[in-house]
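> Have a look at this fold, sequence not included:
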RNA sequence: GGGGACGUAGCUCAAUCGGUUAGAGUACCGGCCUGUCACGCCGGUGGUUGCGGGUUCGAGUCCCGUCGUCCUCGCCA
């Protein structure tokens, strides 16, 4: 009795080389393309590892083989000579002469072009994600992400960190983003929340003496989506005890250096620069500066205060700022460019955009008449760091608006004027400009709510443990307090954030009070946490890095959907499985929940749902 | 919640100022082809122009509504 030959592969589709010539092999994979020349018939078989050309002999030419059919091909490896060699392909020196073909699975023509000749809409890609993910580009993206995360894991383990899992079903957190709620079947009327981050748990792990924790943690925030934001996202979360900022920075710098080397063969230079939040805002207008180009903001308040231009003077006298950007003459910024930039500025909320073509003799443009004297012109050029013929752009407004507008203009000009240097090679470390931004404000005023909120989160240590006298019963200006929160910024993207934490129960309670959370509410929502802090909490600090963003950025992509296997659309829908969706009334009853739809939807509810496109 | 862009064949797109039977490439099907590798050549199938209403002699095109996708502001401790 003879055993039927197995369909199982002996090699992958990216594996065969001239050294295998003469061997009988079995390949498994998807039909990428067919080229039937009549007397000879070629087929490319694809799997995650590559493409291999298969030659179909006459005897097998009648087997129906459509694109994306899944095959097992048994055959002999044959060498290719001269012009037959495909130098574009790793397996191009060989081909497999098929002796037997088994169709493991068939397929209709795919709705997504897998040859790479046309770009399919994201909508179709997400609906048929299982086909989209067959594309080599997507497989490369996911492989890169996997390598990157695993390299980080090794780097943390090498530094003595323990990977510890924390709950997904947890307690709703007041403050911050909207929670996803999960009704409890066992406890009618009560809800779990999905974690916005493992924040409280990792701090408690420090209280528990675990000393060094990390986790690849899924986080959930029920807020609107963006190209760089999903409802659920992944962080490399960590926390460490008996440390301060510099210890956290040094740990992460080693991790990033090792990870970039390991996953991408890039030699990062460490340490990364540090700058206080105030410095970042003053020099770049944003808290996540792109350091790949200059074009820094210049303060011209002193000049503005004494000039004849009423808009500038009143801005400064009213407590605002006058600042500007200097665009080198070589960029030939046109009137049309300036008009467009003014549109951008107004879109953000600026009242206008003043400009001046710098010149010792007064220059030109709307500001020229205020620079009529050589002294005034010279002083403005000096304040703006401008040379003859440079174009200066000015915003005069409230401090925060001035920075915000110029920060955005700076970023746009960076792109429009091509100020970002091109990488000299794939492993050029100069294209990765990291920086730490430190000492963010502790609180931010919320106009609508009429109260202060934590700028980072309420567990962030203040720069001054005495809270500028608040611990002694005084009442400081909350808007002026600095925190020990920090961000890691790469090329203008916020990769992650963290802080030194409050390890003192009394300070934690004081912060809650400052946020308007009274003793009762504190006890109900954070009682267990404050109690933990009061029972031997070590000083500790931590950080969390957004892995979706980091994976995308290190692949040169600006949309995190390209590094997430099953992402959601801008309206938070999973197009493949059509989630969210209605559930059976029995299911709702079981968890003691009844839907109360908004007016409009409620009126439509009895009608049949519209048919979905098929 | 606000703003902008888009929605036409399985896929990617075109269709002038509102005017003939809505086209092309690709895919698919059939035929030819012995060295292709996005094979080539010939032929063919394929459309409720997202959906609903309106204006008009006439709507893919204009108007209103609605649904969906993308970007963005708000939001995202």
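Happy to help now that I have it. Just so we're clear, the structure is a prediction, and the values are computed from it rather than from any experiment.

> From now on I want contacts and neighbour counts done on CA atoms only, so please keep to that.
OK.

> For RNA strand B, what's its nearest residue on the stretch 101-250 of chain A.
Among all residues of the stretch 101-250 of chain A, residue A:176 sits closest to RNA strand B, at 2.3 Å; criterion: C-alpha to the nearest atom of the strand.

> ok, the spatially closest residue to that residue that is not a sequence neighbour - how many residues close by?
The shortest distance from residue A:176 to any residue that is not its chain neighbour, by C-alpha to C-alpha, 6 or more residues apart in numbering, is 7.4 Å, and that residue is residue A:457. For residue A:457, the tally of surrounding residues (other C-alpha atoms under 10 Å) stands at 17.

> What parts of the stretch 501-614 of chain A come near RNA strand B?
If contacts are counted using C-alpha under 7 Å from any atom of the strand, the residues of the stretch 501-614 of chain A sitting beside RNA strand B are A:559, A:568, A:569, A:570, A:571, A:572, A:573, A:575, A:613.

> Swap in 6 Å and give it another go.
A:559, A:569, A:570, A:571, A:573 (C-alpha under 6 Å from any atom of the strand).

> What's the local residue count around residue A:196?
A total of 23 residues lie near residue A:196 under the criterion other C-alpha under 10 Å.

> you'd agree it is up against residue A:174?
No - taking C-alpha atoms under 8 Å as the contact criterion, residue A:196 and residue A:174 are not neighbours in contact, 10.7 Å apart.

> show me what contacts residue A:202?
Contacts here follow C-alpha atoms under 8 Å, 6 or more residues apart in numbering; on that basis residue A:202 touches A:166, A:213, A:238, A:239.

> Buried ones among those residues?
If you count burial by 16 or more other C-alpha atoms under 10 Å, the buried members of these come out as A:166, A:213, A:238, A:239.

> From the residues you listed, which land in strands?
When DSSP state E is applied, those are split such that A:213, A:238, A:239 fall in strands.

> Pull the number of nearby residues for the residue nearest to residue A:47 when sequence neighbours are not counted.
Counting by C-alpha to C-alpha, 6+ apart, residue A:29 is the residue found nearest to residue A:47 once chain neighbours are left out, at 5.1 Å. Look at residue A:29: counted by other C-alpha under 10 Å, it has 24 neighbours.

> Who are the contact partners of residue A:29?
Residue A:29 makes contacts with A:13, A:45, A:46, A:47, A:70, A:71, A:72, as judged by C-alpha under 8 Å, 6+ apart.

> quick one: which of the residues you listed is most hemmed in?
Each of the contacts of residue A:29 was scored by neighbours using other C-alpha under 10 Å; the highest score is residue A:45's, at 28 neighbours.

> Please look at it and residue A:35 and confirm they touch.
No - assessed by C-alpha under 8 Å, residue A:45 is found out of contact with residue A:35, at 12.0 Å.

> what's the next secondary structure element after the helix ranked longest in chain A?
With secondary structure taken from DSSP state H, chain A has its longest helix at helix A:136-158. The C-terminal neighbour of helix A:136-158 among helices and strands, as given by DSSP states H and E, is strand A:162-163.

> quick one: what helix or strand has residue A:453 in it?
strand A:451-454.

> Also residue A:530?
Element membership of residue A:530 [criterion: DSSP H and E] is helix A:519-533.

> Okay, buried residues for that helix please.
Counting neighbours by 16+ other C-alpha under 10 Å, one finds that the buried residues in helix A:519-533 are A:522, A:526, A:529, A:530, A:532, A:533.

> what's the closest of the residues you listed to RNA strand B?
Distances from RNA strand B to these, taken by C-alpha to the nearest atom of the strand, are shortest for residue A:526, at 12.2 Å.

> coming back round to it: report the distance from the helix holding residue A:530 to the chain centre.
For helix A:519-533, the distance between its averaged C-alpha position and the chain's averaged C-alpha position is 33 Å (C-alpha atoms, centre = their mean, to the nearest Å).

> Please name every helix or strand in contact with that helix.
Under the contact definition 3 or more C-alpha pairs under 8 Å, 6 or more residues apart in numbering; DSSP states H and E, helix A:519-533 sits against helix A:199-207, helix A:505-514.
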